[in-house]
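[1] Quick one, what's the 3D model for this:
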Amino acid sequence: MITLTEQASSKVKELLKEENNPKLFLRFGVQLGGCSGLTYGLGWDEELKDGDHVFEQNGVKIVVDKDSYPYIKGTEIDYKESMMGGGFSINNPNAIASCGCGSSFRTVTEAGKPEEC
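    Here you go, the predicted structure:
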């Protein structure tokens, strides 16, 4: 399960409205890279792929590909505003380490691989 807080859902809905494409949904995944081994990716998509995991939170459709799901299962996505602007934050219970930037992380599975910093 992937959880989207009410604040994140509101922001995603706002951004989706600007895209003006009712077919779009939020795709959340990971790819190899970054200081800690894996990096998060959030973006729009309109095509489902074989094996995708589909969730709906607060009226927002979230899709995760089958390869990314084990690394981000149970993750909560939030949106926070500050004086410096706003941004999405990701709370991943599978991450055992992350970079200072917060967009790169390492899991137990990735722990034995060398870091690229």
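[2] what about T39, distance to E14?
    With distances taken as C-beta to C-beta, to the nearest Å, T39 is found 25 Å from E14. Heads up, the C-betas are built off the backbone N, CA and C, glycines and all.
[3] What segments of this structure are helices?
    In the chain, the helices defined using DSSP state H lie at 6-19, 69-72.
[4] Of those helices, which is nearest G29?
    Between G29 and these, the shortest gap by C-beta to C-beta is with helix 69-72, which sits at 7.5 Å.
[5] Tell me how far the spatially most central residue of the chain lies from I72.
    Nearest to the mean C-alpha position of the chain, counting by C-alpha atoms, centre = their mean, stands F28 at 4.1 Å. For F28, the distance to I72 equals 7 Å [C-beta to C-beta].
[6] got it, and T5?
    15 Å.
[7] More neighbours: those two, which one.
    I72 (23 against 18; other C-beta atoms under 10 Å).
[8] what's the distance between that one and E81?
    For I72 relative to E81 (C-beta to C-beta), the value is 24 Å.
[9] just T75 next, same as before
    Here the criterion is C-beta to C-beta. By it, T75 lies 21 Å from E81.
[10] Pick out whichever of the two has more residues nearby.
    Applying other C-beta under 10 Å to T75 and E81 shows that T75 carries more neighbours, namely 21 against 10.
[11] tally of neighbours for the residue nearest to F88 when sequence neighbours are not counted?
    What sits nearest to F88 in space, not counting adjacent residues and going by C-beta to C-beta, 6 or more residues apart in numbering, is Y79, at 5.4 Å. A count of nearby residues for Y79, using other C-beta under 10 Å, gives 18.
[12] okay, Y79: pLDDT?
    pLDDT for Y79: 93.
[13] partner residues bridging the residue nearest to Y71 when sequence neighbours are not counted?
    Excluding its sequence neighbours, the residue lying closest to Y71 (C-beta to C-beta, 6+ apart) is V30, at 5.0 Å. For V30, the beta-bridge assignment (DSSP bridges) gives partners Y40.
[14] V30 against L42, yeah?
    No. If you go by C-beta atoms under 8 Å, V30 and L42 don't touch, sitting 10.6 Å apart.
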